[in-house]
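**Q** Predicted model and sequence follow; I will ask about them next.
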Amino acid sequence: MSGAEIVEEIERETGGRWKPSSGSIYPLLAWLQDKGYTNESPTGESGMKQYVLTDEGKTFFEEQVKFGQKFLKKLEFLAPMLVGGFQFGINHENLRGVRGSAKRVVKTFIDLRAAMKDNLTKQDAEEIAEILNDCSKKLEKIAQRIKEK
């Protein structure tokens, strides 16, 4: 793929939440090429440089994927503890239920992540998005009301 295609793919894979700049992609591609992890392939019809992983690059990529998976596992373990320590800067009795609910949400996302790996349907994804959007709207209204006090 070309640098521009990589940017587009990342944007697509993240649902538009992240679109890296060419200023971050092209130096990374140069570094990968300097390390022998990629080679330039002949330019296609578009005239853009395209890059392909070398065997060494494929091994490096697989190692990075494993590292990322281990990192996510650690986050799954830490997330409930982090939410449990969520104090909003104060130790208010009214927040006890909030912390418990937040822990449940994080745990549910961890469970969903495992279940979604191979079984997520378009309908499931749409339902999850609808629930989260509804929840966000309600929380935003509460935050605004509290801010206005």
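**A** Here it is on my side, so go on. Please read all numbers here as calculations on a predicted model, not as lab measurements.
**Q** for the lowest-mean-pLDDT helix or strand in the chain, which positions count as buried?
**A** When the helices and strands of the chain are compared on mean pLDDT, DSSP states H and E, helix 96-119 comes out lowest with a mean of 73. Residues of helix 96-119 classed as buried under the neighbour-count rule (16 or more other C-beta atoms under 10 Å) are 102-103, 106, 110. For glycine as for every other residue, the C-beta is placed from the backbone atoms N, C-alpha and C.
**Q** Out of the residues you listed, which is nearest to residue 137?
**A** residue 102 (17.5 Å; C-beta to C-beta).
**Q** okay, and for the chain, where does confidence drop off?
**A** 43-46, 76-97, 114-118 (pLDDT under 70).
**Q** can you give me the strands in it?
**A** 38-41, 50-53 (DSSP state E).
**Q** Switch those strands over to JSON lines; also include distance to residue 24 and mean neighbour count.
**A** JSON lines is the format used below for these (distance: least, C-beta to C-beta, whole Å; neighbours: other C-beta atoms under 10 Å):
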{"stretch": "strand 38-41", "distance to residue 24": "16", "mean neighbour count": "14"}
{"stretch": "strand 50-53", "distance to residue 24": "15", "mean neighbour count": "16"}
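**Q** if we compare those, which one ends up closest to residue 1?
**A** strand 50-53 (6.1 Å).
**Q** So which elements touch the longest helix seen in the chain?
**A** Secondary structure of the chain per DSSP state H: the longest helix is helix 55-84. Applying 3 or more C-beta pairs under 8 Å, 6 or more residues apart in numbering; DSSP states H and E, we find helix 55-84 packed against helix 96-119.
**Q** ok, back up a step: how about the buried residues of helix 96-119 in JSON lines, adding distance to residue 52?
**A** Listed next are those as JSON lines, based on distance: C-beta to C-beta, whole Å:
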{"residue": "102", "distance to residue 52": "44"}
{"residue": "103", "distance to residue 52": "45"}
{"residue": "106", "distance to residue 52": "39"}
{"residue": "110", "distance to residue 52": "35"}
